[in-house]
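**Q** A predicted structure for the sequence below; I have some questions about it.
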Amino acid sequence: MTLTSPSDIYYDPFNIEIDKDPHPLWKRMRDEAPLYRNEKYTFFALSRYDDVEKALVDWDTFRSGKGSTLEMILSGTEMPPGSILMEDPPAHDVHRSLMSRVFTPKSMLAIEPKVREFCTRTLDPLVAEGRFDFIADLGAVMPMLTIGMLLGIPEEDQVAIRDRIDAGLRIDDDADGTELPSADVIFEGIELFGEYIDHRTKHPSDDLMTKLIQAEFEDEHGVTRTLTRDETLMYIMLLAGAGNETTTRLIGWTGKLLGEHPGPRRELAADRSLVPQAIEEILRYEAPSPVQARTVTRDVEYYGETVPEGSIMVLINGSGNRDDRHFPDADRFRIHRSIDHHLSFGYGLHFCLGAALARLEGRVALEEVLRRWTDWDVDWDNAKQAHTPNVRGWERLPVIAS
């Protein structure tokens, strides 16, 4: 197995044409170039399930401290403290432990009635119209209302915040691929949320933001303290960004996949107890965040080739989810599939803390859609994919429903 791939295999996470449907290319990479080398951006990539899973777990070899996205690592940007996605132990363990205390699965389940209310508010007025948009009317609204409620951000401010974050993540349709996406979205987020943190510091409330500001913990140096303002900003930015973007994409893929598979959709309409399992299959089949990146801290060998210390390794978890070596008949969408675990929430040290919330929102969204419509067809003339280097999904997904 050679380190470089056959000449007609080229993978680039910034390429819009590839992003439209990367699965055939990822399959070729798994079969022909399981260790891939991109010369343009000087990264390696792993695409098989077992390789990606093991690398996600081996945090000491594949580190996140220089960034967990390719553009962040390539930019050389130094991350402010508190971004647990882009930290390594011991700082990561301290910051993650603090987040775990205020963001538990139990606390997420307690908000289900509010999540359902948000769905009802946006979907009920659309029933008589016979059409709605899985993104504009649901995926971009309900997660924003939910995370805004948790953080204590007023509803009238939430749309502007979401739109600015989305704009910072997007790759322009006319981009020629010669410029990297900007890493400045993180620092724009700091600017966005600063005033809310200052207000909550002076005026505490019963929300996650106040809990984060007030929580005491022992840091990696043994000092008992509260979060600094910069650390708190990074926490809020992570919650607001990840809490909106990936769940929005999950809801969009739900509409697209079930629009294309009427049999499973009608099964779900007849038996709602199948919905949680269907959400897991949707997450496996189309990972909302399909590409991660790490920095290699020691020489490692794959398929007879050495990846040198200091290299960038891209971990394509979206490809691993479609690996027939782990999931038989992996390119087939099956809502009854038995899934031990997929890689859409990561694995190991950086497993997504918001997984319970994303699953809750995905489940409730589908249940509430099925209460109102059991059939829909995607209006492809007006649908549009969203293109970012790390999150994959839909910008518009209108459907004709009955």
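**A** Okay, I see it.
**Q** CA atoms for contacts and neighbours, from now on please.
**A** Noted.
**Q** stretch 321-341: end-to-end distance?
**A** This stretch, stretch 321-341, spans 9 Å end to end (Cα to Cα, to the nearest Å).
**Q** buried stuff in that stretch?
**A** For stretch 321-341, the neighbour count (16 or more other Cα atoms under 10 Å) marks 321, 322, 323, 326, 327, 330, 333, 334, 335 as buried.
**Q** can you lay out the residues you listed as TSV showing pLDDT, secondary structure and distance to residue 381?
**A** Formatted as TSV, the buried residues of stretch 321-341 follow (pLDDT from 0 to 100; DSSP: H, G, I helix; E, B strand; the rest coil; distance: Cα to Cα, whole Å):
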residue	pLDDT	secondary structure	distance to residue 381
321	98	coil	29
322	98	coil	28
323	98	coil	32
326	98	coil	36
327	98	coil	33
330	98	coil	29
333	98	coil	24
334	97	coil	27
335	98	coil	27
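**Q** where does the chain dip in pLDDT?
**A** The chain contains residues with pLDDT under 70 at 1-6, 162-191, 243.
**Q** now do the strands in the stretch 301-402 of the chain.
**A** With strands called from DSSP state E, counting those that start in this stretch, the stretch 301-402 of the chain shows them at 305-307, 312-315, 376-378, 384-387, 392-396, 398-401.
**Q** thinking again about what came up before, in JSON lines: the buried residues of stretch 321-341, plus distance to residue 279.
**A** Below are the buried residues of stretch 321-341 laid out as JSON lines (distance: Cα to Cα, whole Å):
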{"residue": "321", "distance to residue 279": "14"}
{"residue": "322", "distance to residue 279": "16"}
{"residue": "323", "distance to residue 279": "19"}
{"residue": "326", "distance to residue 279": "19"}
{"residue": "327", "distance to residue 279": "16"}
{"residue": "330", "distance to residue 279": "16"}
{"residue": "333", "distance to residue 279": "11"}
{"residue": "334", "distance to residue 279": "11"}
{"residue": "335", "distance to residue 279": "8"}
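**Q** show me which helix runs longest in this protein.
**A** Counting by DSSP state H, the longest helix found in the chain is helix 229-260.
**Q** give me the angle between the following helix or strand past that one and helix 229-260.
**A** Where DSSP states H and E defines the elements, the next helix or strand beyond helix 229-260 is helix 262-270. Put simply, helix 262-270 runs at 110 degrees to helix 229-260, going by axes from the mean of the first three to the mean of the last three Cα atoms, to 10 degrees.
**Q** what's helix 262-270 packed up against?
**A** Contact analysis of helix 262-270 by 3 or more Cα pairs under 8 Å, 6 or more residues apart in numbering; DSSP states H and E lists helix 229-260, helix 355-372 as its packing neighbours.
**Q** dump that helix to PDB, restricted to CA.
**A** Taking Å, rounded to 0.1, in the frame of the first residue of the first chain, the C-alpha atoms of helix 262-270 are listed here in PDB:
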ATOM      1  CA  PRO A 262     -40.900   6.600   1.900                       C
ATOM      2  CA  GLY A 263     -41.100   3.100   3.300                       C
ATOM      3  CA  PRO A 264     -39.000   3.800   6.500                       C
ATOM      4  CA  ARG A 265     -40.800   7.200   6.800                       C
ATOM      5  CA  ARG A 266     -44.200   5.500   7.000                       C
ATOM      6  CA  GLU A 267     -42.900   2.900   9.400                       C
ATOM      7  CA  LEU A 268     -41.800   5.700  11.700                       C
ATOM      8  CA  ALA A 269     -45.100   7.500  11.400                       C
ATOM      9  CA  ALA A 270     -46.900   4.300  12.400                       C
END
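**Q** could I get the full set of strands for the stretch 151-300 of the chain?
**A** Using DSSP E, counting those that start in this stretch, the strands of the stretch 151-300 of the chain run over 217-218, 224-225, 292-296, 300-302.
**Q** what distance separates the first one from the middle of the whole chain?
**A** Strand 217-218 has its C-alpha centroid displaced from the chain centroid by 28 Å (Cα atoms, centre = their mean, to the nearest Å).
**Q** could you name the helices and strands sitting against it?
**A** When contacts are defined as 3+ Cα pairs under 8 Å, 6+ apart, strand 217-218 packs onto helix 91-102, strand 224-225.
**Q** minimum distance to residue 389: which of these has it?
**A** Counting by Cα to Cα, residue 389 lies closest to helix 91-102 out of those; the figure is 23.9 Å.
**Q** OK, contacts around the residue lying closest to residue 112 once chain neighbours are set aside?
**A** Sequence neighbours aside, residue 360 is the residue nearest to residue 112 in space, at 7.2 Å (criterion: Cα to Cα, 6 or more residues apart in numbering). Shown in contact with residue 360 (Cα atoms under 8 Å, 6 or more residues apart in numbering): 108, 109, 112.
**Q** remind me which helix or strand the first one belongs to.
**A** Going back to what we said before, that points to residue 108. helix 105-109.
**Q** give the contact list for residue 94.
**A** Contact analysis of residue 94 by Cα under 8 Å, 6+ apart lists 217, 218, 219, 220.
**Q** try it again with 7 Å
**A** 219, 220 (Cα atoms under 7 Å, 6 or more residues apart in numbering).
**Q** ditto for the one 10 residues further on
**A** Counting by Cα under 7 Å, 6+ apart, residue 104 makes contact with nothing.
**Q** that one and residue 29, how far apart?
**A** Distance, residue 104 to residue 29, by Cα to Cα: 37 Å.
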